[in-house]
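> Sequence and predicted structure are below.
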Amino acid sequence: MLPWEVTVVSGDAIGLAITIRGTVQGVGFRPFVYRLARRLGIAGTVNNTGEGILIQVQAPDEQIKAFVSALRNEAPPLTRISSLQQAPLGVNQTWRKFSILTSTASGAPQTLVPPDMALCADCRRELLDSTNRRYAYPFINCTNCGPRFSIIETTPYDRLGTSMRCFPLCGECQDEYDDPDDRRFHAQPNACPACGPSLSWHDTISSATALWEKTGVTGRKTVTSPPPPAAATTIVAVVDEDEKKKELAATAVATALSATATALAADRVVALRGLGGFHLAVNAASAEAVARLRHRKKRPSKPLAVMAGNLADLRVICELDRESEELLQGPQRPVVLVPKKAGTGDELAPNLAPGVAELGVMLPYTPLHELLFQMPNCPRVLVMTSGNRSGDPICASNKEAHQRLSEIADGFLLHNREIVNRIDDSVVRVMAGRPRLIRRARGYVPEPVDLLWNLPPLLACGGDLKSTFCLADARAAHLSRHLGDLNRLEVLEFYRESVDHQQRLLGITPKLAVCDIHPDFMSSHYGRQLGLPLYRVQHHHAHLVAVMAEHGLDCQVLGVVLDGAGYGEDGTIWGGEIMLADPIDYQRLASFELLPLPGADAAATAPWRMGLAALSHAFGLKGVDVDSVLVPALQQIDKRSRRVVTTMIDQSLNTPLTSSCGRLFDAVAALLGVRLQAEYEGQAAMELEALAQQAQIEHPQHIIPRLPVVLRYAHSHNHKHDHMHEHVHEHARARGHDHIGVHIHRYAHRHDLAILRIGLTEMIRALSAQISDGTSPGLLALAFHQWLIVSLTRALIAVVPKNQEQIVLLSGGCLQNRLLLEGLSTALERENFKVYSGQRIPVNDGGISLGQAVIGGLRHVSGRADAGY
């Protein structure tokens, strides 16, 4: 108990109990309350509980009002108050002080766990100050920065509920911890060289593994996740020879960092244990080092993120705008996707991000990173990619690194602070003037999403790609960190473990489950195994409702969803959809004309299949006849492979039909010769975007070819084919796009199941003709993007119901494309639509669990059947 004596307690004092929920543990909130009470002359207590922060105070009414107001308006920067409840309290005549009490864990946890935060400016100054006792200490932190989510095991958030319980505080650190005027007052990860985690370098992992499994470098026995006691006691370390320990630790740090920098300068691959897991690092200027990493990691061409020591070094290799620089220096410190700068051959290896226009960059976010870049022989820019075998979860423990990274890394920079919750780097791209999360992880998770709706406790299982899950209860949705793709057993196990841990941490016991309607998703299978009432949600509806939840929209909206694949209720594969939706239901209004999908999922890794399917469909040709319209790029595919695919298409063998925008990108990329075989998800689309961006810079608007926009109504009795009614032809010119002719085919009597189709036949034929005429691939890539923007805008205008509010939501993985998102937003705003898209929540499949949670929860509350829509 830490008392502060109040000089006077007035006779007209009143009592008040205040319960605060939100992100109020681990962010310096109790020290703030303590200092605020001292400033205002208020007696009482504050403590962490399972339900949040409980404050009991007594003082004259005016002081109490000032206190409550300051709680809301002056809280520390990392605080997030979701509720503040007040209740009268009897005056305690014995209170003459304000005290911080021991934490209690009774009741279900209702506090929010804070995210991990980047090294703050104060700690960085101390880190580089040779007179400071934490000089060059790679685990320096305070209440404003450092590990939080990555080290927490249980709530309330106290040291004994984290992996820091293995490191008893030395006398000096304990004094800081106990001093309400100190920046480290009740900073749970507080440590120094005498009492905290240690660093070590190893050329081979075998000796390191034996060392870390038995003891830490400081000689402490490692404890493996024991449950903390019900009531934490003051942690006091009886430490002899502190100065000697500091000297030994400082020597170990200097030796480890020097060896690491030397290895990197020699183009070796280093596995570095960081905040939420391992990175694999190499010299970003060395093509040989990058090639070695790619070969060992089995990642032949997927872009690699880089870290530089400062903004000045980043400005040499990429184009930074104000928004990007703010993100790079903010407390979350994500990877930010920014345009590469031309002429950086000496600074960056050409095989870092081949075929794409942007590079993922970041700045040091831990003291360990900061110290590494301070080493004189460290390369100025380092590749920092996830420490895993391609497709696996990021490695967290030293033992895992030994098992999974020994064949990749030449050396290991290790520490002995346990990572409880492994977490990847977040990825952000600034588009349409706003930061938009591509991967939501470190720095943002486990921050909840506030909801308009009061939901029952539930688990939404998400999708199988870029998998996340969502636990929701009342008006809060807790979206998990990025977990990976569930087609790997290791990721599926990580998914299960994460669900279990998050339920315990949040104290949420789901009463129902929600999953995708796709019967073969692993996430859907997991949902079925839970034995709970199960609600199945259409994939693209979930995409839209995730945007609604983020922006607080509770109304009927129009939505455009563009992605790679989602199971359609008509038996086809959807992915280019215009919908009318609310948080419970939806109506499909328009989509792209259906194309064959030869090989189903296999087509996603072979864009040439989609190119061949597009030609076969557009020209109505079968078998060898397709060769008569074959573009040069597809002639590179051997005849036997082409015959197999055309036979599949002709006989509908494992060839569903699809309206997918992602597969349309693949088809166009193949026809233009941009990408015939994909080595990672979205590669063809990313390279097509890069080609279009370059053409936009190099060519004036008036020479860009114009591809025909055709809209036609259709309905499907047979899910394999569109059946067209008799129609009348109507020619219309797009408002604001008079240079483009839009052809709308309508039949006289609309069937209830009819939807508007955006015609692909005419566009593909025109594209093929332009290729034959020798038009450059860059111009045609840009023409395709512009065609998408115009056709979607025109289709939306054609189907918008009368009196419908002019709100449009944009979602789906294809809308991570800058040209498409910005161009479509501008075109729709020109037509007086209010446009929303994901910002804090990814528009890719990483966000659909949020949409599932809202849809399933509201359907349950409203009594809708769980079998479908």
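Ah, there it is.

> C-alpha only now, for contacts and for neighbours.
Fine.

> Give the residue spans of this structure that score low on pLDDT.
For the chain, residues meeting the criterion pLDDT under 70 lie at 1-11, 50, 93, 104-111, 204-241, 715-753, 865-869.

> Recalculate using a threshold of 50.
Along the chain, segments meeting pLDDT under 50 span 1-10, 206, 208-239, 717-742, 744-752.

> Show me it divided up by domain.
For the chain, the structural domains run 2-100, 244-429, 448-537+845-862, 560-837, going by automatic domain parsing.

> could I get those domains as TSV with distance to E172 and mean neighbour count?
TSV is the format used below for the domains of the chain (distance: least, C-alpha to C-alpha, whole Å; neighbours: other C-alpha atoms under 10 Å):
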stretch	distance to E172	mean neighbour count
domain 2-100	17	19
domain 244-429	12	21
domain 448-537+845-862	31	22
domain 560-837	49	19
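
> of those, which approaches N144 most closely?
domain 2-100 (6.2 Å; C-alpha to C-alpha).

> Now distance to R440 too, for the domains of the chain, in JSON lines please.
Shown next, in JSON lines, are the domains of the chain (distance: least, C-alpha to C-alpha, whole Å):
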{"stretch": "domain 2-100", "distance to R440": "18"}
{"stretch": "domain 244-429", "distance to R440": "5"}
{"stretch": "domain 448-537+845-862", "distance to R440": "6"}
{"stretch": "domain 560-837", "distance to R440": "14"}
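
> Go through the ones you listed and name the closest to N190.
That would be domain 2-100 among these, by C-alpha to C-alpha, at 11.2 Å.

> distance between the closest one and the chain's centre?
The chain centre lies 36 Å from the centre of domain 2-100; the measure is C-alpha atoms, centre = their mean, to the nearest Å.

> again with stretch 428-448
6 Å.

> Look at it and report the distance between its end residues.
Terminal residues of stretch 428-448 lie 18 Å apart, using C-alpha to C-alpha, to the nearest Å.

> just to revisit the earlier point, looking at the domains of the chain, which is closest to F149?
Across the domains of the chain, closest to F149 is domain 244-429 (C-alpha to C-alpha), at 6.7 Å.

> gap between the two ends of the closest one?
47 Å.

> Tell me how far it lies from the chain's centre.
The answer for domain 244-429 is 18 Å, by C-alpha atoms, centre = their mean.

> again, but for stretch 597-614
28 Å.

> can you give me the end-to-end distance of it?
In stretch 597-614, first residue to last residue: 9 Å (C-alpha to C-alpha).

> And stretch 354-373, by the same measure?
26 Å.

> Now do the helices in the stretch 501-650 of the chain.
Remark: helices assigned in the stretch 501-650 of the chain by DSSP state H, counting those that start in this stretch are 522-529, 539-551, 607-619, 639-651.

> got it, and the stretch 151-300 of the chain?
Going by DSSP H, counting those that start in this stretch, the stretch 151-300 of the chain shows helices at 171-178, 205-214, 242-265, 287-297.

> quick one on the thing from earlier: can I get the helices of the stretch 501-650 of the chain in JSON lines with distance to V427?
JSON lines is the format used below for the helices of the stretch 501-650 of the chain (distance: least, C-alpha to C-alpha, whole Å):
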{"stretch": "helix 522-529", "distance to V427": "23"}
{"stretch": "helix 539-551", "distance to V427": "18"}
{"stretch": "helix 607-619", "distance to V427": "26"}
{"stretch": "helix 639-651", "distance to V427": "37"}
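
> between the ones you listed, which one is nearest to R125?
In terms of C-alpha to C-alpha, the element of the helices of the stretch 501-650 of the chain nearest to R125 is helix 539-551, at 36.9 Å.

> What are the contacting residues of the closest one?
Helix 539-551 is contacted from outside by 449-452, 516-517, 554, 559, 561, 566-567, 575, 577, 581-583, 585-586, 809-812, 836-838, 840-841, 843-845, 847-852, 854-855, using C-alpha atoms under 8 Å, 6 or more residues apart in numbering.

> what's the closest of the helices of the stretch 501-650 of the chain to L71?
Across those, closest to L71 is helix 539-551 (C-alpha to C-alpha), at 25.9 Å.

> quick one on the thing from earlier: between the helices of the stretch 501-650 of the chain, which gets nearest to R294?
Using C-alpha to C-alpha, the helices of the stretch 501-650 of the chain put helix 607-619 closest to R294, at 22.6 Å.

> could you say what helices and strands that closest one packs with?
The helices and strands touching helix 607-619, judged by 3 or more C-alpha pairs under 8 Å, 6 or more residues apart in numbering; DSSP states H and E, are strand 595-596, helix 639-651, helix 661-671, helix 761-772.

> All set, thanks.
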